[in-house]
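Trainee: build the 3D model from these lines:
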Amino acid sequence: MRACAAPRAGARPRVAPRRPRRSDRVSARRSSDPLGGASPLEEAPPPLLIIPGFLSDAAQYEGMADALRRLARFASVDVVPLRASDWYPTLAGGDFRAILDAIDASATAASGATIGPDDAHHPDDARRLVVVAHSAGGWLARCWMGSRPYSGGVVYAGAGRVRTLLTLGTPHYSLERYPFGRVPERRERDGLEQADDVHDETYETYEKDSLRRGHSEERSEESLRSEALADLRARAPGSTLALTNLRYPGAYEPGVRYVAVCGSGARGASCRVGADFNFGDALRLATSAERRAAVFAGVSYAASCGRAEEDGDGVCPVETAMLEGAERVVLEGVGHQPGVGRCWYGDDEAVARWAEFLL
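Mentor: Numbering: from 1, shown residues only. The predicted structure follows:
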């Protein structure tokens, strides 16, 4: 296991400010009993569920799970049993139903409750899950928590089973401008044509700020809102991520604590020198390991936020990971994935830094 770069003496994870959100009114449930008794979290530790990232196998997260078990703060620690091959159909335009079904089954097993949108059977607070979701698993968790139909008309409504959602390097606001393109998803009976898919909170997200940065002139709120919603509406039929941001913007679910974590210190590099410059040219220009890492980071960052020269975890830029309304945590020196020469979210030292935000 690779050790994380030591943070500066006395340094703690950087917590970025956030705007108020819809679920602030229920945040008091986490405080101790005012009469001096122990909090519910102390009386009965909750179960924890880890959701793997895109094209990742559950086995990759066993080290993370072991580190969390050693903390002895959770009734159980489980990983959604996904294989890398489970993700392959989505590369060819398949929907994420199989992934969401696996999340739902694992959540049901861990919390001991199945909840529908009109179901009164909610788990007691001690069985509500702490969910740790890596990369694409973060926005898929947000989709699974929602109460609107997904492909095939299935409704997961998982929010009632969740007390905390902590995302690790999740590109919540990715523009999905991948260098090799993207096959639009094929979904059926997801109710997307209904007008109530748009919420007032939808434009209060990265899309609005992104649009403003992309124009030198001042833009009115109405203009930004209109363009942001038009972009999401255009992408939502072929993108579960855009669908999630359209229906469940930001820290959307009342009663759920949202924490957005992203590593930093991997600055992307741009090597685009002309209109015909492509990914192969970037590889040929990358003559050192450090330069290659910067170029690959830059390609990933540009696909996500439109700019290569950003800071992030080597795959996800910090700004794209900072979900609107969530508690925002930036971990210096922590990378997106294992095996790339730097500490990643699942290493013991990194887990110790973000685990303090789970309860």
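Trainee: list the buried ones in the helix or strand in which residue 229 is found?
Mentor: Using DSSP states H and E, residue 229 maps to helix 221-235. The neighbour-count check on helix 221-235 (16 or more other CB atoms under 10 Å) flags 224-225, 227-229, 231-233, 235 as buried. For glycine as for every other residue, the C-beta is placed from the backbone atoms N, C-alpha and C.
Trainee: ok, now stretch 344-357?
Mentor: Buried, per 16+ other CB under 10 Å, within stretch 344-357: 344-351, 353-355, 357.
Trainee: okay, now it: how far is its last residue from its first?
Mentor: 17 Å (CA to CA, to the nearest Å).
Trainee: wait, residue 341 touches residue 290, no?
Mentor: No. If you go by CB atoms under 8 Å, residue 341 and residue 290 don't touch, sitting 9.2 Å apart.
Trainee: OK, contacts around residue 137?
Mentor: Contacts for residue 137 (CB atoms under 8 Å, 6 or more residues apart in numbering) come out as 51-54, 80, 167, 170.
Trainee: among the residues you listed, name the ones in strands.
Mentor: Among the contacts of residue 137, DSSP state E puts 51, 167 in strands.
Trainee: please name the nearest non-neighbouring residue to residue 307.
Mentor: residue 301 (6.5 Å; CB to CB, 6 or more residues apart in numbering).
Trainee: now do the contacts for that neighbour.
Mentor: With CB under 8 Å, 6+ apart, residue 301 has these contacts: 268, 307-310, 312, 316-317.
Trainee: and of the buried residues of stretch 344-357, the nearest to residue 134?
Mentor: Residue 134 has its nearest neighbour among those in residue 345, at 6.4 Å by CB to CB.
Trainee: what separates that closest one from residue 354, distance-wise?
Mentor: As for residue 345, its distance to residue 354 is 7 Å (criterion: CB to CB, to the nearest Å).
Trainee: what residues are shared contacts of these two?
Mentor: Here residue 345 and residue 354 share the contacting residues 168, 261, scored by CB under 8 Å, 6+ apart.
Trainee: sorry, back to before: of the contacts of residue 301, just the buried ones, PyMOL syntax please.
Mentor: PyMOL command restricting these to the buried ones, with burial defined by 16+ other CB under 10 Å:
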select buried, resi 268+307+308+310+312+316+317
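Trainee: residues contacting the nearest residue to residue 313 once chain neighbours are set aside?
Mentor: Excluding its sequence neighbours, the residue lying closest to residue 313 (CB to CB, 6+ apart) is residue 263, at 3.4 Å. Applying CB under 8 Å, 6+ apart to residue 263 gives the contacts 169, 312-314, 330-336, 344-345, 350.
Trainee: returning to what we had before: as JSON lines, the contacts of residue 137 with neighbour count, pLDDT and distance to residue 191 would be great.
Mentor: Listed next are the contacts of residue 137 as JSON lines, based on neighbours: other CB atoms under 10 Å; pLDDT from 0 to 100; distance: CB to CB, whole Å:
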{"residue": "51", "neighbour count": "30", "pLDDT": "98", "distance to residue 191": "24"}
{"residue": "52", "neighbour count": "29", "pLDDT": "98", "distance to residue 191": "28"}
{"residue": "53", "neighbour count": "24", "pLDDT": "98", "distance to residue 191": "27"}
{"residue": "54", "neighbour count": "17", "pLDDT": "97", "distance to residue 191": "25"}
{"residue": "80", "neighbour count": "24", "pLDDT": "98", "distance to residue 191": "25"}
{"residue": "167", "neighbour count": "29", "pLDDT": "98", "distance to residue 191": "25"}
{"residue": "170", "neighbour count": "30", "pLDDT": "98", "distance to residue 191": "25"}
